[in-house]
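> dropping a prediction and its sequence here:
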Amino acid sequence: MGIKTDLSTKIGSLSLQNPVLTASGTFGYNTEYENFMDLEKIGAIVTKGITLKPGQGNPQPRIKEVCGGLINSIGLENIGIHEFIDKKMPLLLEKKLPFIVNVAGESLREYKEIAKICQNNEIRAIELNLSCPNVEKGCLEFGRDDETLYRLVCGVREVFSGTVIVKLGTNISFPERIVSAVQKAGADAISAINTVKAMHVSINPGYKGFKYIKGGMSGRCIKPIALNFIYEARQHTDLPIIGMGGINNPYDVLEFLAVGADALQVGTGNFTQPDLSEKIIDELVAFMETNGYRSIKELTDSIRQRK
Ligand SMILES: Cc1cc2nc3c(=O)[nH]c(=O)nc-3n(C[C@H](O)[C@H](O)[C@H](O)COP(=O)(O)O)c2cc1C
């Protein structure tokens, strides 16, 4: 019998059995994927983005497959924090599935209000979506300006004692300022990247005008953007970074770990392979066993040496 491979990872006060999570908006609220995979194997489920009140999202069409990924403009359709707590959370607790609530809002006050509700309901970890490119108000604007972001995270920190993860995107001008502000404000971790602003165009028949869909791009095509963002963010913070953007196999995971990520989220890949996160975990364990790595730390220390 070989030595057991240890994939355990800590994000703030949250201890995870492994570093592979599922990304917000691609995995529902609780057990939607249970017919496809063993949910108990995942590091944690990150819920769909949740606002104070339920939201209807943007009108259709709001999703378009493009080369190497997809563009979505869902616009934060969600059930609202109260319905999540009443109807979705009990099953997560009953099945003992670790979860992180992805929080979105239109004002600093709304983020704080949701964080307070999470605190009162003993939710252990929240991910603040400060980077959604397809809603009119909030999110992206708050994550773009370091002073606003600092105030927002400080406000949340005042009322929430669990793990606070700040989710960033690449639609910002000064990543170094933003990353430093997140750390200074007392967040526990950064997650990145959110979808990348994009547009799909189709020319009408007879070349009479065109139709388009604008939104956020995700999937394999954004992996190089994500790797670069995380590599740069790593130069400005020692907080744990949860990397995502086009992860589809364990070799993608190695690349994210190499540039500075400590944990990963699997997103768009879930739509084409609903058991992808489980597969990645199994294959990562097999890879580590074959190559003699006993822990994620040993693996990251090894691949981060540049030769
Ligand atoms: C349909 C869809 C809905 C999403 N909804 C959210 C959301 O509610 N909150 C959030 O922070 N990110 C959301 N995202 C972004 C993903 O969590 C992730 O950051 C992004 O898609 C990059 O990872 P991927 O390329 O593996 O999908 C959504 C992505 C997609 C494709």
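Noted; the coordinates are in hand.

> just the element for residue 150, please.
For residue 150, the host element (DSSP states H and E) is helix 146-159.

> quick one: distance of that helix to the chain centre.
19 Å (Cα atoms, centre = their mean, to the nearest Å).

> what's the first helix or strand after that helix?
Following helix 146-159 toward the C-terminus (DSSP H and E): strand 163-168.

> show residues contacting the very next helix or strand once past that next one.
Following strand 163-168 in sequence order, the next helix or strand is helix 175-184 (DSSP H and E). Applying Cβ atoms under 8 Å, 6 or more residues apart in numbering, the external contacts of helix 175-184 come out as 143-144, 146-147, 149-150, 153, 166, 168, 172, 190, 229, 232-233, 235-239. C-beta: built from backbone N, CA, C; applies to glycine.

> I'd like to know which of those are buried.
143-144, 146, 149-150, 153, 166, 168, 172, 190, 229, 232-233, 236-237, 239 (16 or more other Cβ atoms under 10 Å).

> pick out the lowest-pLDDT one from the residues you listed.
Across those, the smallest pLDDT goes to residue 143, namely 80.

> I'd say that residue and residue 149 touch.
Yes - counting by Cβ atoms under 8 Å, residue 149 is a contact partner of residue 143 at 5.8 Å.

> show me which residues of the stretch 151-300 of the chain are close to the ligand?
167, 194-195, 218-219, 222, 244-247, 266-269 (Cβ under 6 Å from any ligand atom).

> just the ones of these in strands?
167, 218, 266 (DSSP state E).

> that older thread, of the residues of the stretch 151-300 of the chain next to the ligand - the most surrounded one?
Counting neighbours by other Cβ atoms under 10 Å, residue 245 leads those with 33 neighbours.

> next up, the contacts around the nearest residue to that one once chain neighbours are set aside.
Closest residue in space to residue 245, ignoring its immediate chain neighbours: residue 226 at 2.7 Å, by Cβ to Cβ, 6 or more residues apart in numbering. Residues touching residue 226, when contacts are defined by Cβ under 8 Å, 6+ apart, comprise 170, 192, 193, 243, 244, 245, 246, 256.

> tilt between the helix or strand harbouring residue 226 and helix 175-184?
Here residue 226, judged by DSSP H and E, is contained in helix 223-234. Angle of helix 223-234 versus helix 175-184, following axes from the mean of the first three to the mean of the last three Cα atoms, to 10 degrees, is 60 degrees.

> pLDDT wise, what is the residue of the stretch 201-307 of the chain at minimum distance from the ligand at?
Per Cβ to the nearest ligand atom, residue 267 is where the stretch 201-307 of the chain lies closest to the ligand, at 2.5 Å. We have a pLDDT of 98 for residue 267.

> swap in residue 305?
89.

> could you give the separation of stretch 157-170 from the chain centroid?
For stretch 157-170, the distance to the chain centre is 12 Å (Cα atoms, centre = their mean).

> start and end of it, how far apart?
Across stretch 157-170, the terminal residues are separated by 24 Å (Cα to Cα, to the nearest Å).

> and for stretch 60-74?
8 Å.

> list the contacts for whichever residue of the chain sits closest to the ligand?
Distance from the ligand to each residue of the chain (Cβ to the nearest ligand atom) is smallest for residue 25, at 1.9 Å. Residue 25 sits next to 48, 49, 72, 74, 102, 267 when contact means Cβ under 8 Å, 6+ apart.

> in terms of helices and strands, where is it?
Counting by DSSP H and E, residue 25 is part of no helix or strand.

> quick check on it: phi, psi?
The phi/psi pair for residue 25 (degrees, to the nearest 10) reads phi 90, psi 0.

> where does it land on pLDDT?
97.

> before we move on, what about residue 134?
66.

> ok, now residue 145?
Value for residue 145, per-residue pLDDT: 88.

> and it, how many neighbours?
17.

> which residues does residue 291 contact?
Counted by Cβ under 8 Å, 6+ apart, residue 291 has zero contacts.

> what about the helices in the stretch 51-200 of the chain?
Ranges of helices in the stretch 51-200 of the chain, per DSSP state H, counting those that start in this stretch, are 81-83, 89-94, 108-120, 140-144, 146-159, 175-184.

> neighbours around residue 83, how many?
Residues near residue 83, counting by other Cβ under 10 Å: 15.

> count the neighbours of the residue nearest to it when sequence neighbours are not counted for me.
Using Cβ to Cβ, 6+ apart and skipping the chain neighbours, the partner closest in space to residue 83 is residue 54 (6.6 Å). Neighbours of residue 54 under the rule other Cβ under 10 Å: 14.

> now do the contacts for residue 54.
Neighbours of residue 54 in contact, by Cβ under 8 Å, 6+ apart: 78, 79, 80, 83.
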